[in-house]
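K.L.:
Fold the following.
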Amino acid sequence: MTKEYNVAILGATGAVGTRMIEQLEQSTIPVKNVKLLASARSAGKKLKFKGEELTVEETTPESFDGIDIVLSSAGGAVSKKFLPEAVKRGAVCVDNTSAFRMEPDVPLVVPEVNSEALKNHHGIIANPNCSTIQMVMALEPVRRKFGLKQIIVSTYQAASGAGQAALDELAKEAQDYLDGKDMQEDAHILPTKGDKKHYPLAFNLLPQIDVLEDSGYSHEEWKMIHETKKIMLGDMNSPEIKVTATCVRVPVPISHGESVYFTVKDESATAQDIMDAVAAFPGNVLEDDIKNQIYPQPINAVGKRETFVGRIRPDYENKGAFNMWVVADNLLKGAAWNTVENAEYLVKMNLI
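P.N.:
Numbering: from 1, shown residues only. Okay, the predicted model is just below:
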């Protein structure tokens, strides 16, 4: 008889939480019961799972009694408060916040890339940053076949990466601009809510995602550097691959774009070799036909689980160096789907 699982979704009413519900509906996980959890403010709301209306409950430690799997995307402070309580009660948690990503005993997992790391979990698995996920999806097949020496990435990150409120703010600012009004009046969230100043994103670019650190890097850039090393090499500070990032928020609602420059160890690799490796990797779609102007676009990736890769070409000035363009829905592969997919792998690998 197939084992069935009781699943709790923490942060069920948010932009990622609602998508987690959809992804869980479509997943291979045999679900017995689903519990939807959120803050007191959202308690009482009604949401559907497979046609059945469920009432959102306020999260308490007791909410996790009898729960097997927790899918979490309610903010780092909430995760730190409640996930250890869920683990105490016997649940395995997949967390889509930065709360546990850099903890040495917490696996940081993109299933296609490093599912073996799931075997080392102690109750919590961390979902990487959305921008990191799509980059390692595109580059892992390259690393496996040709080795990687260096990665230089510039991101073009969608407003929804900062939550539903940022998405709403972008729409309001765009309307203000078209109506000839001052957009600054509606800028309350971006570049990051906790910082001193806020700027409009509509018809603008913001070269700051998360807080700016004394090193000169934003925390988002720091995350991309160290998460990439932890996922690919098992060590967030490994010198084996050099990684640097510039992260930019752009006025796109959903789906991040990334311009990725990388150098390989095997200098005999060609652009076609790179294309073949990317195309053969599970979860990737190669869109690279320059004769017909085929390349990944954010608007086409919305609602899709795959990572789209194109514009693969050599750097003719430097042997063994290449460029690529990578796009994925930051709310699905970058968040909700990768979380549910991790849970699928946990079930498949009999780790719950």
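
K.L.:
now the strands for this protein?
P.N.:
5-10, 31-38, 46-49, 52-55, 57-58, 69-72, 92-95, 124-126, 148-157, 242-249, 256-264, 284-286, 307-314, 321-328 (DSSP state E).

K.L.:
May I see those strands arranged in CSV, with mean pLDDT, mean neighbour count and distance to Lys229 as well?
P.N.:
For the C-beta atoms, the positions are set from N, CA and C on the backbone; glycine is no exception. Output for the strands of the chain, formatted as CSV (pLDDT from 0 to 100; neighbours: other Cβ atoms under 10 Å; distance: least, Cβ to Cβ, whole Å):
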stretch, mean pLDDT, mean neighbour count, distance to Lys229
strand 5-10, 98, 24, 28
strand 31-38, 98, 20, 33
strand 46-49, 97, 15, 37
strand 52-55, 97, 11, 40
strand 57-58, 97, 16, 38
strand 69-72, 98, 28, 24
strand 92-95, 98, 27, 20
strand 124-126, 98, 25, 14
strand 148-157, 99, 20, 10
strand 242-249, 98, 20, 6
strand 256-264, 99, 22, 14
strand 284-286, 99, 20, 21
strand 307-314, 98, 22, 19
strand 321-328, 99, 23, 18
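
K.L.:
Relative to Arg101, which of the ones you listed is closest?
P.N.:
Checking these against Arg101 by Cβ to Cβ gives strand 124-126 as the closest, at 4.3 Å.

K.L.:
can you pull out the helices in the stretch 51-200 of the chain?
P.N.:
In the stretch 51-200 of the chain, the helices defined using DSSP state H, counting those that start in this stretch lie at 76-88, 111-114, 130-146, 164-178.

K.L.:
So for the first one, what gets flagged as buried?
P.N.:
By neighbour count with 16 or more other Cβ atoms under 10 Å, helix 76-88 contains the buried residues Val78, Ser79, Phe82, Leu83, Glu85, Ala86, Val87.

K.L.:
Verify the stated contact: the second one with Val94.
P.N.:
No - with contact taken as Cβ atoms under 8 Å, Ser79 and Val94 are classed as non-touching, separated by 10.6 Å.

K.L.:
Distance to Gly303 and mean pLDDT for the helices of the stretch 51-200 of the chain - can I get that in TSV?
P.N.:
Shown next, in TSV, are the helices of the stretch 51-200 of the chain (distance: least, Cβ to Cβ, whole Å; pLDDT from 0 to 100):
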stretch	distance to Gly303	mean pLDDT
helix 76-88	26	97
helix 111-114	19	98
helix 130-146	15	98
helix 164-178	15	96
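
K.L.:
out of those, nearest to Asp214?
P.N.:
That would be helix 76-88 among the helices of the stretch 51-200 of the chain, by Cβ to Cβ, at 20.7 Å.

K.L.:
Show me what that closest one is packed against.
P.N.:
Applying 3 or more Cβ pairs under 8 Å, 6 or more residues apart in numbering; DSSP states H and E, we find helix 76-88 packed against strand 5-10, strand 69-72, strand 92-95.

K.L.:
Redo the helices of the stretch 51-200 of the chain as TSV? Include distance to Asn300.
P.N.:
Output for those, formatted as TSV (distance: least, Cβ to Cβ, whole Å):
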stretch	distance to Asn300
helix 76-88	31
helix 111-114	21
helix 130-146	14
helix 164-178	19
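
K.L.:
Comparing the ones you listed, which comes out most buried?
P.N.:
helix 130-146 (a mean of 25; mean count of other Cβ atoms under 10 Å).
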